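Trainee: My questions are about this predicted structure, shown below with the sequence.
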Amino acid sequence: MNEPARFSDKLREFLKNCQGREVDYKYLRHELHIDPASSQWDGLRTQMLNLVKEKVVKPSGRGDGTFKVIKQVKRVQVFGQKRSRFQPLKLMFPLDFDKGLEFEFAEHIVLRENDIVLIGGQGNFGKTTIALGFCGENIDRKPILMGNEYTIRIKDEITQEERDEPNPRFYNRLLNMDWIEWADEDGGDKFELLPVRADFAEWIQRDRINIIDWINLPADRLYDISKVMDDIKAELGKGIAIVVLQKGDGDMARGGQFTKDFTSCELLIDKFTDHESILTIGKVKEHTAPVMGRTFVFGIRDGVKIVDFREVEKCPACYGKKWKKSGNTSIPCDSCDKTGYVDM
């Protein structure tokens, strides 16, 4: 005959399903159907204090009877199992449309499973073009698309029900990228479009390429980007994330140094001229040749085609300042047409 489960065992079993969450006495008494007249009602406090000592839960620190249920982990054995050396993950970078060639620095950047590629760009100078370039060139791996750029919410004029639809500008861009086969032989999408604009980690598809364009945080909470990217990374499994952020005039995306915490490859995009953009390679965690700090200029045709992609260096005449000395005055640098850079 089976003996009834002890209260402590019931409590432990219940808390297994609450790992990572907060619980309090009121919630536990309700969910475990504890009779106020029973000894378990007050005994719950003793049980929880014992579980604190065993590191099953920890007090919230607010003194309100709330506890964080600690996620339990098991030791990960590195050696003693048959493993082969992990190989780099082959992620195709966007192409120069006219040359039909991948960005020339791509061969020197080593990406691995669970990495994050960050695209930080000024508005309207190519960050979405590059993000969609990553999607298109890796379309056979069925990438995931989500963020602020790809979907809109509309209301049906007849039923008045709301539904999500592709953003018209996004849809037209896909049509303009006519060298990519976006649909399979049955007419279905080769990618997955998710109408997600927040809480991205909850929607990450494990072991896939997840493209988020873009993450929008409150101006007074930009430093939260580190935690957001940490949460995304925790859900990737063997996949990879390409995260797009807005960028101002500085040398980092919005969020400053916190954007670099979990980034493996950082691509920063700024205005070069009215018709071209400049891409600077920022942080790169692993590479086979020097790439950090290198700069490239490109144009965009038809809103999606990256053209005339070429490497540039700071102008030797003005040292990248766009102006040079002429007697006691400064004049626009004619060596670089006041851009600060010249072709290599």
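Mentor: Structure's in. What do you need?
Trainee: Neighbouring strands of whichever strand or helix holds residue 118 in the sheet, and parallel or not?
Mentor: Using DSSP states H and E, residue 118 maps to strand 116-121. Within its sheet, strand 116-121 is paired with strand 240-246 (parallel), strand 265-271 (parallel), according to DSSP bridges.
Trainee: Mind checking the pLDDT average for the first one?
Mentor: It refers to strand 240-246. Strand 240-246 shows a mean pLDDT of 97.
Trainee: Kindly report the same for the last one.
Mentor: Predicted confidence along strand 265-271 averages 97 (mean pLDDT).
Trainee: so how far is it off the chain centroid?
Mentor: Strand 265-271 has its C-alpha centroid displaced from the chain centroid by 14 Å (CA atoms, centre = their mean, to the nearest Å).
Trainee: contact partners of it?
Mentor: Strand 265-271 is touched from outside by 109, 111, 115-122, 125-127, 130, 247, 249, 251-253, 259-260, 277-285, with contacts defined as CB atoms under 8 Å, 6 or more residues apart in numbering. Every residue, glycine included, has its C-beta placed from N, CA and C.
Trainee: just stretch 205-219 next, same as before
Mentor: If you take CB under 8 Å, 6+ apart as the criterion, stretch 205-219 is touched by 91, 119, 127-128, 131, 134-135, 138, 141-150, 192, 197, 200, 204, 224-225, 228, 232, 235-246, 254-255.
Trainee: Mind checking which of those residues are in strands?
Mentor: 119, 144, 145, 146, 192, 240, 241, 242, 243, 244, 245, 246 (DSSP state E).
Trainee: Would you list the buried entries among the contacts of strand 265-271?
Mentor: Those of these that meet the buried threshold are 109, 111, 115-122, 125-127, 130, 247, 252-253, 259-260, 277-285, by 16 or more other CB atoms under 10 Å.
Trainee: Not including adjacent chain positions, what is the nearest residue to residue 245?
Mentor: Nearest non-adjacent residue to residue 245, counting by CB to CB, 6 or more residues apart in numbering: residue 253, 4.0 Å away.
Trainee: Test my guess that the one you found contacts residue 120.
Mentor: Yes - between residue 253 and residue 120 there is a contact under CB atoms under 8 Å: 2.8 Å.
Trainee: Find residues that contact each of those two.
Mentor: Common neighbours of residue 253 and residue 120, counting by CB under 8 Å, 6+ apart, are 245, 246, 247, 259, 268.
Trainee: Report the buried residues of stretch 127-145.
Mentor: Using 16+ other CB under 10 Å as the test for burial, stretch 127-145 gives 127-139, 141, 143-145.
Trainee: let me redo that: stretch 62-79
Mentor: Residues of stretch 62-79 classed as buried by neighbour count (16+ other CB under 10 Å): 65, 66, 67, 68, 69, 70.
Trainee: and that stretch, how far out from the chain's middle?
Mentor: Going by CA atoms, centre = their mean, the spacing between the C-alpha centre of stretch 62-79 and its chain's C-alpha centre is 25 Å.
Trainee: Likewise for stretch 280-287?
Mentor: Relative to its parent chain, stretch 280-287 has a centroid offset of 16 Å by CA atoms, centre = their mean.
Trainee: Render the CA-only coordinates of that stretch in PDB, please.
Mentor: Written as PDB, here are the backbone C-alpha positions of stretch 280-287 (Å, rounded to 0.1, in the frame of the first residue of the first chain):
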ATOM      1  CA  THR A 280      33.200  49.800 -39.500                       C
ATOM      2  CA  ILE A 281      34.100  46.400 -38.000                       C
ATOM      3  CA  GLY A 282      33.900  46.700 -34.200                       C
ATOM      4  CA  LYS A 283      34.400  43.900 -31.700                       C
ATOM      5  CA  VAL A 284      35.200  40.500 -33.200                       C
ATOM      6  CA  LYS A 285      35.700  37.800 -30.600                       C
ATOM      7  CA  GLU A 286      37.500  35.300 -32.900                       C
ATOM      8  CA  HIS A 287      39.300  35.900 -36.300                       C
END
